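Engineer: how would this look folded up:
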Amino acid sequence: MCHYQEDEMVMSNMSRRFAIAFVMSLAASLSGGEMPVGKEFTNSIGMKFVRIKGGTFEMGSGERALPKELTDAKERGGKKVYIPNESGDYDEGPVHKVRISKAFYMGACEVTNRQYEQFDRLHENLRGKVGFSIDSDEAVVFVDWYESKAFCEWLSKKEGLPYRLPTEAEWEYACRAGTETLFHTGDTLPEVYLKNPSNSWYPDPDWGRGREEVVPLHVGKTPANRWGLYDMHGNVEEWCEDWYGPYEGTAQSDPVGRVDGDFKVTRGGSHATFAYYLRSANRMGTVPRDKSWLIGFRVVLGEIPETTPLPMPEPELYRRDVRQEVPPDIAKGPDPSKPYFRGPINYVKIFEGSKGPLFSEHNHCSAVVECPNGDLLATWFTTQTESGREMALAASRLPYGQSEWQAASLFWDTPDRDDPAQALWSDGPGPRGENTIYHFASISVAATWGSLAVAMRTSNDNGVTWTKARMILPEHRRRHQVIESVFRTTAGDIVLACDAKPSGDGGTALHISRDNGLTWADAGGTIAGIHAGVAQLDNGRLIAFGRGDEILDKMPKSVSSDMGRNWDYSASIFPGIGGGQRLVLLKLEEGPLLLVSLATKEVVKVTDASGNKREVKGLFAALSYDGGESWPKVRLVSDDGPGRKVKTTNGKEFTLSWENGEPKGYYSICQGRNGLVHITSSWNHYSFNLKWLETAPPSKPIGE
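Structural biologist: Numbers count the residues shown, from 1 in each chain. As a prediction, this is how the structure comes out:
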């Protein structure tokens, strides 16, 4: 298995235009330049800088009452936006004293198209992409962190001066300009700074508001702060030098962030963002290769501080004390000749009232995988609102041989961006996989899941460490909402399913990699139904079932003979599913096809041990031995007891019995090397073997 590290990708993706720019500027760099000494400075390409004196400030935010203008934010449909009132975002504390020891010059404005394109003429082709930043004096967008750095390096060589990105501390210090309020304007932000303040779905054609959401990004049109810096609140986000990581509570001098990380910090907020996220202390970030119509940058002139970066923080709970040895009995499970069932067992363990990065109120959209060492690793999103910037991914581990899941811990959190969709998959042992765990994550532009890009990272030590996230589907668009259906075909291709639209109908797209995850291509066709479960049959065809797009009021079935380019649709025998529900589909190692879905719109019938047919509701499992043509084995996913109260999605109760299963959940599935099938809902974990699936349920509740 090859791992494609970020630094290798940087070199391999280095554009010819950067090399040409380097050669053109080399002669100018030989003579060197002199640092300016005045209060203001304009360089050779017309960029105006202002001198920022050194000083000390309180970095971050603590508990304080927020003005009504911030807490009353509403999104589409009048639903109130989650605002962490009186505490600030969890990552803005602890407040700590920071000393900026030396003066530096900071760009009075964000870098414009005119300025950036003196370095990269080809960027002209991106002007007006999805409608934004057409004019020469608008802030440049669609630049990633590496491109921003390359511009600074080009400018440094051109003028013989030390241009660079600001550190996060320098940025907040300069933004505050001596203030201690929420904004440099006070505790409220005048309306002139707000451009389409919303949780925007644009440019999604179904859920966005169209061209009315396209706002001008001209720089320097709003009042500057008292140090002469424009657009520090809004317009576009700005890349900073630092790796994102938690704050330390001690006083620091010239901090430069963490030594490493997954995300680079962005600051300042942008258009299509509520005022709360434009505050001086607010922190955002994304993977360095991400680019969108919300992110630009600002340049600093001055030597980078020589401060030693902060070390990496203590690893999250799911990464601690993980055994790397493969147990000798890992393939030995319960007696396969006897039915085995266990569950439901809660795996979402977050303390009540938790307000970030883990949230006790809303946990959903699970993924589960068996690690090479036999542990189970489950992940899911945790949030207050599904379309909010506060969303993060949580994780829990069930160590091999133990019966209780660990408490939840943070798994992945693109700072202040919606993390709405993800999948886990283990390639298992063998010449291709080498026991690799894959994590696929959709990355939002901001809030909402209308326009997503997809990143991938891998682990070869049972989820303890992960490679740098690599953008495998870098465009923010439809057909990129990752769901839990990943597998390798008999030909060796990796198949990744993604919802084609953000709505309840619209189907599912497949993305396929034929080079072990290096490159990916959209197969072209669309499965009927979102959140589709997909599998490959013995004859090479693909089969899928999805939510929505129902046919004759039944769950749609889709079959493809050309690896997802075209699909044939028909009505299945199963009831359709709706909001808060997701099915799973898996071809078992023993051969049969397993579908796990929900019967809530209508009942399904099972044949019990007495040969009688009876109706059941909720979570059920069905087996097919002929590639989905018929489903002779159907049974409720239940302990078949007389009835007891059990929790489901978000801790709500339901009655589990011999005729009633879990009514709701986004399900995930994997099969262990010992033959056990593991299902996670949005709250519970179930495990069972093939013999249990094939055994008729009892004719009366167990225990009566």
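Engineer: which residues of the stretch 601-704 of the chain fall in strands?
Structural biologist: 613-624, 633-636, 644-647, 653-656, 665-666, 668-671, 677-680, 684-688 (DSSP state E, counting those that start in this stretch).
Engineer: Compare those strands and give me the one nearest Ala281.
Structural biologist: strand 665-666 (34.0 Å; Cβ to Cβ). To be clear about C-beta, it is placed using only N, CA and C from the backbone, and glycine gets the same treatment.
Engineer: Pull the residues that contact that closest one.
Structural biologist: 364-366, 484, 531, 580-582, 598, 619, 648-649, 681-684 (Cβ atoms under 8 Å, 6 or more residues apart in numbering).
Engineer: hmm, try it at 7 Å
Structural biologist: With contacts defined as Cβ atoms under 7 Å, 6 or more residues apart in numbering, strand 665-666 is touched by His364, Cys365, Ser366, Gln581, Arg582, Thr648, Thr649, Ser681, Ser682, Trp683.
Engineer: tell me the centre residue of this protein?
Structural biologist: Asp419 (3.5 Å; Cα atoms, centre = their mean).
Engineer: ok, for that one, nearest residue in space, not its chain neighbours?
Structural biologist: The shortest distance from Asp419 to any non-neighbouring residue, by Cβ to Cβ, 6 or more residues apart in numbering, is to Met391 (4.8 Å).
Engineer: coming back round to it: ranking the strands of the stretch 601-704 of the chain by mean neighbour count, which comes first?
Structural biologist: When you average the neighbours per residue for each of those (mean count of other Cβ atoms under 10 Å), strand 677-680 leads with a mean of 25.
Engineer: Sheet-wise, list the partners of that strand with their directions.
Structural biologist: Paired strands of strand 677-680, with direction, are strand 668-671 (antiparallel), strand 684-688 (antiparallel) (DSSP bridges).
Engineer: Export those as JSON lines, with columns for mean pLDDT and distance to Phe104.
Structural biologist: Converted to JSON lines, the strands paired with strand 677-680 look like this (pLDDT from 0 to 100; distance: least, Cβ to Cβ, whole Å):
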{"stretch": "strand 668-671", "mean pLDDT": "97", "distance to Phe104": "49"}
{"stretch": "strand 684-688", "mean pLDDT": "98", "distance to Phe104": "53"}
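Engineer: Turn the strands of the stretch 601-704 of the chain into JSON lines, columns for distance to Trp207.
Structural biologist: Listed next are the strands of the stretch 601-704 of the chain as JSON lines, based on distance: least, Cβ to Cβ, whole Å:
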{"stretch": "strand 613-624", "distance to Trp207": "30"}
{"stretch": "strand 633-636", "distance to Trp207": "36"}
{"stretch": "strand 644-647", "distance to Trp207": "31"}
{"stretch": "strand 653-656", "distance to Trp207": "31"}
{"stretch": "strand 665-666", "distance to Trp207": "20"}
{"stretch": "strand 668-671", "distance to Trp207": "26"}
{"stretch": "strand 677-680", "distance to Trp207": "29"}
{"stretch": "strand 684-688", "distance to Trp207": "31"}
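Engineer: right, and those - which one's nearest Thr42?
Structural biologist: That would be strand 665-666 among the strands of the stretch 601-704 of the chain, by Cβ to Cβ, at 54.8 Å.
Engineer: thinking again about what came up before, OK, contacts around the residue nearest to Asp419?
Structural biologist: Met391 neighbours (Cβ under 7 Å, 6+ apart): Phe381, Thr383, Asp418, Asp419, Pro420.
Engineer: One more pass at 10 Å, please.
Structural biologist: 82, 357, 359, 362, 364-365, 381-385, 413-414, 416-420, 444, 447, 449 (Cβ atoms under 10 Å, 6 or more residues apart in numbering).
Engineer: Could you check how far it is from Thr71?
Structural biologist: Using Cβ to Cβ, to the nearest Å, Met391 is found at 19 Å from Thr71.
Engineer: Glu110 too?
Structural biologist: With distances taken as Cβ to Cβ, Glu110 is found 29 Å from Thr71.
Engineer: Same question for Thr607.
Structural biologist: 56 Å.
Engineer: Same check on Thr680?
Structural biologist: In terms of Cβ to Cβ, Thr680 sits 35 Å off from Thr71.
Engineer: my guess is Phe49 is in a helix, correct?
Structural biologist: No. Secondary structure assignment (DSSP: H, G, I helix; E, B strand; the rest coil) places Phe49 in strand, not in a helix.
Engineer: List the contacts of it.
Structural biologist: If you count contacts by Cβ under 10 Å, 6+ apart, then Phe49 has 36, 38-43, 104-109, 163, 228-229, 299-302 around it.
Engineer: Residues in a beta bridge with the nearest residue to it once chain neighbours are set aside, which ones?
Structural biologist: Spatially, and ignoring its direct neighbours in sequence, Phe49 is nearest to Tyr105 (4.0 Å; Cβ to Cβ, 6+ apart). Bridge pairing for Tyr105 (DSSP bridges) gives the partners Arg51, Leu301.
Engineer: burial measure for Tyr105, as a count.
Structural biologist: 25 (other Cβ atoms under 10 Å).
Engineer: can you check the one 4 residues further on too?
Structural biologist: Counted with other Cβ under 10 Å, the burial measure for Cys109 works out to 23 neighbours.
Engineer: Check whether it really touches Thr42, as I assumed.
Structural biologist: No. Using Cβ atoms under 10 Å, Cys109 is not in contact with Thr42; the gap is 11.5 Å.
Engineer: intersection of neighbour lists for these two?
Structural biologist: Lys48, Phe49.
Engineer: any idea how far the nearest residue to His531 once chain neighbours are set aside is from Asp187?
Structural biologist: Sequence neighbours aside, Arg582 is the residue nearest to His531 in space, at 4.3 Å (criterion: Cβ to Cβ, 6+ apart). Note on Arg582: its distance to Asp187, by Cβ to Cβ, is 43 Å.
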